[in-house]
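K.L.:
Okay, sequence plus prediction incoming.
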Amino acid sequence: MKKLLTLLKEKTEKLHLGGGLHKIEKLKEKGKLTARERINYLLDEDKPHTEIGIFAGDGMYKEDGGCPNAGVVVVLGYVKNKLCVIVSNDATVKAGAWFPISAKKNLRAQEIAMENRLPIIYLVDSAGVYLPMQDEIFPDKEHFGRIFRNNAKISAMGIPQISAIMGSCVAGGAYLPIMSDYALIVEGTGSVFLAGSYLVRSSIGEIIDNETLGGASTHSEISGVTDNKYPNDESCLHAIRNIVDKFGDNSHAGFSRIEPKSPAFPVQDIYQHLPEDRLKPYNMIQILEAIVDNNSLEEYKKDYGKTIVCALARIDGWAVGIVANQRKIVKAKKPGNTTEMQMGGVIYSDSANKTARFIMNCNQQKIPLVFFQDVTGFMVGSRSEHNGIIKDGAKMVNAMANSVVPKFTFIIGNSYGAGNYAMCGKAYDPRLIYAWPTAQIAVMSGASAGKTLLQIQEATLKSRGVELTEQDKNKLLKDIETKYNEQLSPYYAAARLWVDGVIDPKDTRKIISMGIEAANQNSHMDRYNVGVIQT
């Protein structure tokens, strides 16, 4: 675990540099703050915050020079004691141009603001769509245009949007700040227009410079497009803090919270109890006791359906319902004898039934749900099929998918196949979803996938009259497993925003607490404040 956490720290520190030190120096020469400095200026110093999608784009678009952090920093944090979503373009990465993953990350930020009714602040400094990839970012439903659609929807929902134009803001991207409720601009560096001076000259023959065309004075004094202009980044950010300070409070959802208590065991116990060997058993309760408030864990049907732990608890004072896979060795009593059985993160019929009922209870009693995934899938074989594993699994998925209380997911080990779905994977709308460095996400394990794919390829070649030698088979199997294992990495998932990030387990409590506090801002509890609660 220490090696994995060292790797996590190294990768995070590198991503904090964005486009690199040289690009940061050029930014400073223009009198600008970096994307992260702008966010830090906004945030309350004495409050926690968490980053969303820091690994987005990691290792992608190598032919185009890469897009670290998706060219935009997104943080959930406090501004003047109000929980906000902050989106800050990183101009050191391709001048803040939008890659496909950039659009996906911005949409994720807006989704979090919408489902939790949180104010959203855009710190705009972007050259617009990355033109070589325009076909992958421009026209589809979840592409660039969806952002402006969301601008309109967010305002209609009564959620405040503040934009600060702190650099370039060109073409379609110009709509984002101007569709916000507040639009501020920095003198000398901020500019906003549908077409820059070069395009204006080539299109209509007009010769004009960018500052006169769409600078701070033009839009604050002549067009009225922006509300106010500010001499530098700091004064503009200070104005945003002043605006947020005046926002009223929403009616809350009413999730239960009492005075927090520290966990019974230090978080370092997680590092000791979670084994590196994915076949080795461990007791999930020991992991949970290092996360939940001391003496708050109350198991539900603990002697039934033992491959899933269901429990009520408190985390940082918040009441939660926990659903966690179990991989310990237990003594199974049978008539006449007692045998030991290892539970390897498999979901059986009894576990699925138990979990479905527990989820319904939490919905009835307005208790947010937290899922801890270390799951290889549902049990297979004739005995399970005859017992109706598909029906029981469907009950669990149905209850989880229709749950209206906020859901939060942490992938701490395996996350394979239908187990990912049943334990509230990304497709099932968790408010936040993070992976520990020990996570692996795929349809199945690398070893299983390698053998399966080898059999398929071997059969295909055999049908063409090609027989593989043992040496050929071993090489092919190794190549398949190498590629597959790369895709199992939590960083591969985080780069594509299948998860919101890879975190040190010690940050789990903070993220759950902030996530529930955010969800508590939406009194209706449902994702986009539409409809009524049904249990």
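P.N.:
Perfect, thanks for sending it.

K.L.:
hang on, Arg314 in a helix?
P.N.:
No - following the definition DSSP: H, G, I helix; E, B strand; the rest coil, Arg314 is strand and is not counted among the residues of a helix.

K.L.:
tell me the contacts of the closest residue to Gly417 other than its chain neighbours?
P.N.:
Distances taken as CB to CB, 6 or more residues apart in numbering put Gly377 closest to Gly417, at 4.1 Å, once the chain neighbours are dropped. In this view, the C-beta of every residue, glycine as well, is placed from N, C-alpha and C. Contacts for Gly377 (CB atoms under 8 Å, 6 or more residues apart in numbering) come out as Val346, Ile347, Tyr416, Gly417, Ala418, Gly419, Met444.

K.L.:
ranking these by neighbours, who comes first?
P.N.:
The most crowded member of the contacts of Gly377 is Ile347, carrying 26 neighbours; neighbours defined as other CB atoms under 10 Å.

K.L.:
OK, contacts around that one?
P.N.:
For Ile347, counting by CB under 8 Å, 6+ apart, the contacting residues are Thr307, Ile308, Asn325, Val375, Gly377, Phe378, Met379, Gly393, Met396, Gly419, Ala422.

K.L.:
Pick out the most distant pair among those.
P.N.:
When CB to CB is used, the two most widely separated members of these are Asn325 and Gly393, lying 13.9 Å apart.

K.L.:
Helices of the stretch 51-200 of the chain, start to end?
P.N.:
If you assign secondary structure with DSSP state H, counting those that start in this stretch, the helices in the stretch 51-200 of the chain sit at 100-116, 145-156, 175-178, 197-204.

K.L.:
Ala518: which of those is closest?
P.N.:
Across these, Ala518 has its closest neighbour in helix 100-116 (4.2 Å, CB to CB).

K.L.:
and that closest one, what does it pack onto?
P.N.:
Other elements packing on helix 100-116 under the criterion 3 or more CB pairs under 8 Å, 6 or more residues apart in numbering; DSSP states H and E are strand 50-52, strand 72-79, strand 82-89, strand 120-126, helix 145-156, helix 508-519.

K.L.:
how far away is Lys28 from Val320?
P.N.:
Taken as CB to CB, to the nearest Å, the spacing of Lys28 relative to Val320 amounts to 44 Å.

K.L.:
where in this protein is pLDDT low?
P.N.:
Judged against pLDDT under 70, the low-scoring parts of the chain cover residues 172, 329-344, 386, 446, 525-535.

K.L.:
Try it again at 50.
P.N.:
Segments of the chain classed as low confidence (criterion: pLDDT under 50) are 528-535.

K.L.:
Can you give the domain ranges for it?
P.N.:
Each structural domain of the chain that the record assigns through the TED database is listed here as a residue range: 1-245, 267-439+499-521, 445-487.

K.L.:
The shortest one spans what distance, first to last residue?
P.N.:
Put plainly, it is domain 445-487. The first residue of domain 445-487 is 11 Å away from its last residue (CA to CA, to the nearest Å).

K.L.:
before we move on, what about the second one?
P.N.:
Taking CA to CA, the span from the opening residue of domain 267-439+499-521 to its closing residue is 29 Å.

K.L.:
circling back: please check which residues sit opposite the residue nearest to Gly417 as beta-bridge partners.
P.N.:
Note on Gly377: beta-bridge partners Val346, judged by DSSP bridges.

K.L.:
tally of neighbours for Phe99?
P.N.:
The tally of other residues near Phe99 (other CB under 10 Å) stands at 26.
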